[in-house]
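> Pasted the sequence and its predicted model underneath.
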Amino acid sequence: MALWTLFGLASGKATTDWPRQGHNDGQEGVFGMPRYHADACSEGCEECANVCPTHAIEAHDRGLAVDYGRCIVCNLCTEACPTGAMLPSNDWAFGVRERGDLFWSETGRERSPPATPERIAFRRSLHIRHVDAGSCNGCESELQALNNPFYNLHRLGIFFTPSPRFADLLLVTGPVTNTMHDPLKAAYDAMPEPRWVMAVGTCAVSGGIAGGNYACGTGLDGVLPVDVYLPGCPPNPAAIMEALLMFLERAPQRVRGGRLSG
Amino acid sequence: MIGTRVFQLSPDDLRPRTEALHATGGRLQFAYAWFPAREEPEVRYVSSIPNQDDFDMWVVAGHRELPSLAETIPLIGWYEREMMDLQGLTFVGHPEPYPLVLRDGGTHINGNGFANGRPHLPHVDAGDVQQLPFGPIRADVVESAEFTFLYVGEHIIHYQPRLFFKHRGMETCFEGTDPQRAVVTAERVSAVGSIAHALAYCQAVERAANCEPPVRAKALRVLVAELERLYNHLHYLGHLCHTTTLKVGEAQGKLLEEIAKQLNARLTGSRFLRGVLTPGGLRRDLDPGKWLGDALESLREEFVAYVSRLETSESHLDRLITTGLLSEKVAFDQGATGPIERASGLNRDLRRDHPYAHYPELPLTVTTLNEGDAYARERVRIAEVEASFVLCQRVLLLLEPGPIRAAFEPAPLSEGLGWTEGARGSLFYAVHIGADGRLARVKIKSPSFSNWRAFPFTVHDTNMMDYAINEASFGLTMAGCDR
């Protein structure tokens, strides 16, 4: 007979103390959004825009328009860029309240409005209903990882719930396939108010690779009112945790105008 | 097509050919249709023949109406239905003529005349038989799919999954794109099979371009392919413990999976090993150094201890033994693949039978069991994890410095077939390149598409309490199946 309880106790704690300062977030080496250095960008060069499979980069008269809400972190742009204006980075903590904060801007000046007061009641505990609206299973794999012993999401008072009736937050992945459109709306309608929506992964934010073809929509905009956007392909578990804590106002929003700070 | 023996057939040849294939123990792998230069369709059937390296490919050109082969070879039924739904072809005499691929909130591309919208369900006229629809949104963080149980008390009489809620039209996402860069699309068909998909895609377009990647690239491709198998199988074990309510076993399995994913990220920058492969070789060189070998060895030691604990947990084993029986005949006829077929006595593995990348140079153990139950499926996967550790260490030992990328220039109007044995089984990409040098048609045959067809046969006439365990023991994904 295996002595699982004894083994569990003898193994000690596997859970990281992150997001407390100085603790391991478990994301060593994980690529995030490519970082755009406008000063290194050469005029008239459209190499990165030409290779971007989701049109996250568009060439304009004066530099590039970069929409991190469309970025699938394929890093083709960083390989195509001849001048080092697009560089690989580890900037993955890209959760924002306003879609506008995902557009790169010179000054990073886009600002999200202050939180709505009713949300304060939900700071300590949050119940999430997840809906897969046509993902590649990458976001699900990382969401499932949140409850493994390393991240142990429960310790932060955040839980997944089976029923939308008990949920405060609807967490949606995938570009919203035509077939999942109605079930998704039904799940939202079944939630009691106040209720919020979080778009996880680039597909849910803007459609991703398949967005807008014969079988898919282009993410949640126009389908449900979105309170938190978290692009990434997929966002790693730490990025999802940061975005959830940001939503609960237990962590600051780190991205403004497409730039990560702090 | 390189890697295939091509036969031009007429529709009338199909049935005799199929009978002959069936008699020799060959197996149809998949079928697909495409429209060369937007003309009449061409339907292609790919089959494997015992003791033959190349795959046989039958080509039937210029017909929109073909005889269905599903009566002789049941597994082809889904491919025919997919072609009916997506390419508008007709297969005469199909035993399941209703749509497979869902569109627009449950109505189908050619669907009409089904008053209840559920043509897939048998008509039941017995008051004590209850119907339980489950999904497409189900409890817990899982993928979307709808299951219907017809049951009496605890006893399941009939079970019918309805998939394709997640159909994203991924095959069309390739069309018109540059073959070099489309690998990022292949990586996003099924995240937990990113490498298997990307590798099958790369090998398909490399065959079209007559391109041979350098040795170091082929060796590193095996390394990442086996790392993918590792984290998938570790997740599988943790999830299986979840369904048998072995809580510490679940936690430990998922912790080992997390360690494996963190190693993936440290090696490649992606927890899903994305952004490494490209047609011609690798996008950039990887430096496994000494740390990866050491980390894998310490993971292996923890894995061995974990498995010996699982093997002595009676409560866990009791739930697995004799659960979800899949007979060898059903596994063969319905097209089960990967660990599922190997747990039901079918000794097949593309890595050995149709070797690719660096596999011919490496020691590969293929484990086959005959029981066909959930326990056999678990043991096959455990044996595969052990074999993956051996393969990884051997690659690390033999790895020599060298180039990682060969020139890749596919000729217009060329075509290629690529395949891999992923964590869930056999995966094929058939690729056609257009006159403009861009992708004209990409067909993806994913392992879960095959295993979903076999799975219901293990559920009919079983009981509710075993269902979740049985489903977990198959390790299916929706994303790969639905595409």
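Yes, it's here.
> Would you mind giving me the confidence score for residue 96?
Looking at chain A here, since you left the chain open. For A:V96, the pLDDT comes out at 92.
> look at chain B instead
Looking at B:E96, the pLDDT reads 84.
> for the closest residue to it other than its chain neighbours, what are its contacts?
Leaving out its chain neighbours, the residue that sits closest to B:E96 by Cβ to Cβ, 6 or more residues apart in numbering or on different chains is B:G77, at 5.7 Å. Glycine gets a C-beta too; all of them are placed from N, C-alpha and C. When contacts are counted by Cβ atoms under 8 Å, 6 or more residues apart in numbering or on different chains, B:G77 touches B:S68, B:A70, B:H94, B:P95, B:E96, B:R453.
> how much space is there between the fifth one and B:Y79?
Distance, B:E96 to B:Y79, using Cβ to Cβ, to the nearest Å: 12 Å.
> all helices of the stretch 1-150 of chain A, in order?
Counting by DSSP state H, counting those that start in this stretch, the stretch 1-150 of chain A has helices at residues A:4-11, A:47-51, A:76-80, A:138-145.
> Kindly report the same for the stretch 151-262 of chain A.
Using DSSP H, counting those that start in this stretch, helices in the stretch 151-262 of chain A cover A:178-189, A:202-206, A:237-247.
> where in the chain is pLDDT low?
Since no chain was named, I'll use chain A. Scanning chain A with the threshold set as pLDDT under 70 gives A:1, A:108-123, A:262.
> please go with chain B instead
Judged by pLDDT under 70, the stretches of chain B that qualify are B:1-2, B:38, B:102-120.
> Okay, domains of the chain per the record?
Picking chain A for this. A:33-91, A:117-260 (automatic domain parsing).
> right idea, wrong chain: chain B
B:1-101, B:170-478.
> burial count for A:E98?
A:E98 has 17 neighbours, counted by other Cβ atoms under 10 Å in any protein chain shown.
> coming back round to it: how about the helices of the stretch 151-262 of chain A, which one is nearest chain B?
helix A:178-189 (4.6 Å; Cβ to the nearest Cβ).
> Now do that closest one: everything it contacts.
A:129, A:131-134, A:164, A:170, A:172, A:174, A:176, A:195, A:197, A:215-217, A:223-224, B:102-106, B:136-137, B:144, B:164-167.
> Just the buried ones from these?
Among these, those buried by neighbour count (16 or more other Cβ atoms under 10 Å in any protein chain shown) are A:129, A:131-134, A:164, A:170, A:172, A:174, A:176, A:195, A:197, A:215-217, A:223-224, B:102-103, B:106, B:136-137, B:144, B:164-167.
> for whichever residue of the stretch 51-200 of chain A sits closest to chain B, what are its contacts?
Closest residue of the stretch 51-200 of chain A to chain B, Cβ to the nearest Cβ: A:G138 (2.9 Å). Counting by Cβ under 8 Å, 6+ apart, A:G138 touches A:G201, A:C233, A:P234, B:R188, B:A191, B:V192, B:S194, B:F272.
> let's see 6 Å
Contacts for A:G138 (Cβ atoms under 6 Å, 6 or more residues apart in numbering or on different chains) come out as A:P234, B:A191.
> Angles on the backbone of the one residue in chain B that gets nearest to chain A, please.
Among the residues of chain B, B:A191 lies closest to chain A, at 2.9 Å counting by Cβ to the nearest Cβ. According to degrees, to the nearest 10, the main-chain angles of B:A191 amount to phi -60, psi -40.
> And for A:V223?
phi -100, psi -50.
> Now it. Nearest residue, chain neighbours left out?
Closest to A:V223 by Cβ to Cβ, 6+ apart is A:V176, at 5.7 Å.
> And the one you found, how far from B:H354?
Computed with Cβ to Cβ, the distance linking A:V176 and B:H354 is 38 Å.
> what's the single longest helix in chain B?
Secondary structure of chain B per DSSP state H: the longest helix is helix B:215-243.
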